[in-house]
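*Asks:* This is a predicted model, with the sequence first.
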Amino acid sequence: MSTIFGIWNRNGKPVSDELEIMFRGIKHFPHQRYDFIVRDNFAIGHLLTFNTPEAVHENMPKHLKKLNLIFAAEGRIDNRDELFSKLSIPLNQQLNFPDGDLILEAYLKWGSNCVDHLMGKWSLVAFHTDSEELFVARDKWDYTSINYYLDDSVLAFAPSNKALLGLPFVDEKIDEIMIIRLLIFWQGDFDKTYHKEIKRLLPSHYMHFRDYSYELKKYWNYRDIKVQKEVKVEQCVEELLEMMNLAVEARLRSYKPVAATLSGGLDSSTVCAIAAMQLKKQSKDLYTFSHVPCFTPSKNLEKFWFGDERPYIESFVNMYENIKQRYLTTEYLSPIQGIKKAIELYGEPIYGASNAFWMVDIYTSVAKENFGAILLGEFGNANISWTGVVEHFPLLHLLRRYGIKKSINLKFTRPVFFQDTGLGMLYRKLKLSRSPWRAYSYLNEELELKFNIVRRMQESNFDPTFSKYFKIPQDDALLIYDVSVPRLSLGAHMGNETGLEFRDPTADERVIKYALSIPNEFYAAPLKRQIVRNMMKGKLPDDILMNTKKGRQGSDLSERVFAYSKEFDKEIEAIKASEFVRFVNIKKIEAEWEKAKKNPDDYPIDQMAYLLRTIGAFQIN
């Protein structure tokens, strides 16, 4: 993945060695070449990675002296043909035309409005040296990262905090609230990083500095997408499949071969099936990577989970002769080692710390085999395989489908208690007063009072019981996007560290727009996830297509942790000897760990995940 980093001394002070300091923090990122431009009080650097065939012809950053413009861009543009036409790029130039140059031409034609015309994964920086106007923008929804430090004197930006923390004016102080959020799974404030003075530019946003003013703007919002009316389900299925084909095709354009993650679920299977069909036309194989247990899956998986996805994966692989399957058991990496390695690569702790070991294994293994990109299906549950919201169906339909008790709960109880009604607000206030997060968190109760967590949660409309009712059905899918913003920057960080570009067709702008326009009832009836089941009929084996359970990767988590119990003991002692101990109830952690060791074969996997999240939070200090 190519990256852009730079500094602008807004006070006019000439840049000295700041860019070199930033470069030292990220020069280990895999890249083919790099270049800098330093002009008075502005400097910019670009690390080039050959992510597409055309990237070998790319030359960034650029100083267009006649236009008084310094420009840099990176990414993968998915609507190249459309832009070639709109920008009048001659046919004889199109074959090798780099995506960065295409972004430049779009900026020269449309200025800041170019963001409305660019589709794919991209970011850009444009600095006008005569007027000192600066424009920094990123894509609508893809694996891109722009972190920045901003005050009245300086703006510094980079894909990773590792490039910013070496600067003398950037304080390394940790944001305590972000640690608390992590410990109690309180998602939000996605523009913040774990370092108090560093923020991130969110998807669909740009920063614009001109005429001594600063504008931070969201230029695209998936909440503006309207649901179609008077449309047939067959039409929606056909047209969404067309969007998915376009999205996969765009993500197969790569300088190096493309691999994919594969589980036993609908999303990754759909992505891999479409990719396999497209690659077969080119007489190419698709290499897929899957994590599977090396210990016995937990006995405590809930009834809608299954622990070993191999039977479903095998069923899928047998259907496509050009699938080359790899199974990874991650025996070499303990869960705690996985957490530490993940933080090294992601640059920050993750909510799913218990998944860190197998995620690190998959991505580093794929990178070691010299693949340039990896296909994912992370956002499918918000679009192609969204379940829909059944409580909006007529009561008679619900009675036939679920019976009296569940129908009353769906149609009457949930709306009353989980909406912004007087009773609903009273119910949430009562729930908050009982600190429900203590069932899944080890946060120190004194900090709850010091930071007034209950009031802050009320102000942010966060429900720690995760109960929900959606007055508008599509709000369910939209919420999935809202809380998934960190996945994009985390994917970008992992990609920068490994040289592996994350590519998710279910994160494609066209897929998102079309999927969110499909009526709720098409998704939810007669079987949840109905759209993807119809879309992939005949393209996926029936055991995957009709499966109503979800695979639980890392299903042998508890046994993995117990296999390295001494390692866990050492982490607890390290926490006790550190400043981090003030964040947690250490006695509660010790008691829970002792309880776990007494009954390792039957210890709940979710409770183990809560313990590991605490270990993950400790690593950032």
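*Replies:* Great, that's in hand.

*Asks:* roughly how far apart are the spatially closest residue to Val561 that is not a sequence neighbour and Ser365?
*Replies:* Counting by Cβ to Cβ, 6 or more residues apart in numbering, Val561 lies nearest to Pro335, which is 5.3 Å off, once chain neighbours are set aside. Every residue, glycine included, has its C-beta placed from N, CA and C. Distance, Pro335 to Ser365, by Cβ to Cβ, to the nearest Å: 17 Å.

*Asks:* The two: who's more crowded?
*Replies:* Pro335 (28 against 17; other Cβ atoms under 10 Å).

*Asks:* give the contact list for the more buried one.
*Replies:* Shown in contact with Pro335 (Cβ atoms under 8 Å, 6 or more residues apart in numbering): Ser354, Ala356, Phe357, Leu557, Arg560, Val561, Tyr564, Leu612.

*Asks:* So what's the residue count around the last one?
*Replies:* For Leu612, the tally of surrounding residues (other Cβ under 10 Å) stands at 25.

*Asks:* Quick one: distance of the helix or strand harbouring it to the chain centre.
*Replies:* Per DSSP states H and E: Leu612 is located in helix 605-619. Distance of helix 605-619 from the chain centroid (Cα atoms, centre = their mean, to the nearest Å) equals 20 Å.

*Asks:* Which helix runs longest in the protein?
*Replies:* helix 233-251 (DSSP state H).

*Asks:* Give the buried residues for it.
*Replies:* 233, 236-237, 239-241, 243-244, 246-248, 250-251 (16 or more other Cβ atoms under 10 Å).

*Asks:* and what of stretch 135-154?
*Replies:* Here stretch 135-154 shows 135-150, 154 as buried, counting by 16+ other Cβ under 10 Å.

*Asks:* Could you do stretch 248-268 as well?
*Replies:* Buried, per 16+ other Cβ under 10 Å, within stretch 248-268: 248, 250-268.

*Asks:* Specify the residue ranges that define each domain of the chain.
*Replies:* 3-220, 224-387+505-557 (automatic domain parsing).

*Asks:* Rebuild those as CSV, extending it with mean pLDDT and distance to Glu459.
*Replies:* Shown next, in CSV, are these (pLDDT from 0 to 100; distance: least, Cβ to Cβ, whole Å):
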stretch, mean pLDDT, distance to Glu459
domain 3-220, 97, 11
domain 224-387+505-557, 94, 21
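
*Asks:* contacting residues for the residue nearest the centre of the chain?
*Replies:* For the chain, the residue nearest the mean C-alpha position is Arg487 (1.6 Å; Cα atoms, centre = their mean). Counting by Cβ under 8 Å, 6+ apart, Arg487 touches Glu378, Phe379.

*Asks:* doesn't it fall inside a helix?
*Replies:* Yes - per DSSP: H, G, I helix; E, B strand; the rest coil, Arg487 lies within a helix segment.

*Asks:* wait, Ala356 sits on Ile350?
*Replies:* Yes - with contact defined as Cβ atoms under 8 Å, Ala356 reaches Ile350; the gap is 6.5 Å.

*Asks:* Using the three-state scheme, assign the residue in the chain sticking out farthest from the centre.
*Replies:* What lies farthest from the middle of the chain is Lys66; by Cα atoms, centre = their mean that is 39.8 Å. Three-state call for Lys66 (three-state DSSP): helix.

*Asks:* do the same with Trp386
*Replies:* With three-state DSSP as the criterion, Trp386 reads coil.

*Asks:* Repeat that for Arg24.
*Replies:* Applying three-state DSSP: Arg24 is helix.

*Asks:* show me the contacts for it.
*Replies:* By Cβ under 8 Å, 6+ apart, the neighbours of Arg24 are Gly166.

*Asks:* likewise Trp8?
*Replies:* With Cβ under 8 Å, 6+ apart, Trp8 has these contacts: Asn41, Phe42, Phe127, Leu134, Val154, Leu155, Ala156.

*Asks:* Okay, now the sheet partners of the one helix or strand it maps to, with direction.
*Replies:* Element membership for Trp8 (DSSP H and E) is strand 3-9. With DSSP bridges as the test, strand 3-9 is paired with strand 42-48 (antiparallel), strand 154-158 (antiparallel).

*Asks:* now those as TSV including distance to Arg80?
*Replies:* Formatted as TSV, the strands paired with strand 3-9 follow (distance: least, Cβ to Cβ, whole Å):
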stretch	distance to Arg80
strand 42-48	19
strand 154-158	26
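
*Asks:* So for Gln282, which of the ones you listed sits nearest?
*Replies:* strand 42-48 (26.2 Å; Cβ to Cβ).

*Asks:* mind saving the C-alpha coords of the closest one as CSV?
*Replies:* Only the C-alpha atoms of strand 42-48 are listed here, as CSV (Å, rounded to 0.1, in the frame of the first residue of the first chain):
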residue,chain,number,x,y,z
PHE,A,42,5.5,22.6,3.6
ALA,A,43,7.0,19.1,3.0
ILE,A,44,5.5,15.9,1.8
GLY,A,45,6.7,12.3,1.4
HIS,A,46,5.3,9.4,-0.6
LEU,A,47,6.1,5.7,-0.2
LEU,A,48,5.2,3.9,-3.4
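
*Asks:* where along the stretch 151-300 of the chain do the strands fall?
*Replies:* 154-158, 199-200, 205-210, 213-218, 258-261, 286-291 (DSSP state E, counting those that start in this stretch).

*Asks:* can you redo the ones you listed as CSV with distance to Asp508?
*Replies:* Listed next are the strands of the stretch 151-300 of the chain as CSV, based on distance: least, Cβ to Cβ, whole Å:
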stretch, distance to Asp508
strand 154-158, 26
strand 199-200, 22
strand 205-210, 19
strand 213-218, 19
strand 258-261, 15
strand 286-291, 18
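
*Asks:* on that earlier part again, out of the strands paired with strand 3-9, which gets nearest to Phe466?
*Replies:* strand 154-158 (34.4 Å).

*Asks:* tell me the angle the closest one makes with strand 213-218.
*Replies:* 30 degrees (axes from the mean of the first three to the mean of the last three Cα atoms, to 10 degrees).

*Asks:* Let me know the angle separating strand 154-158 from strand 205-210.
*Replies:* 150 degrees.
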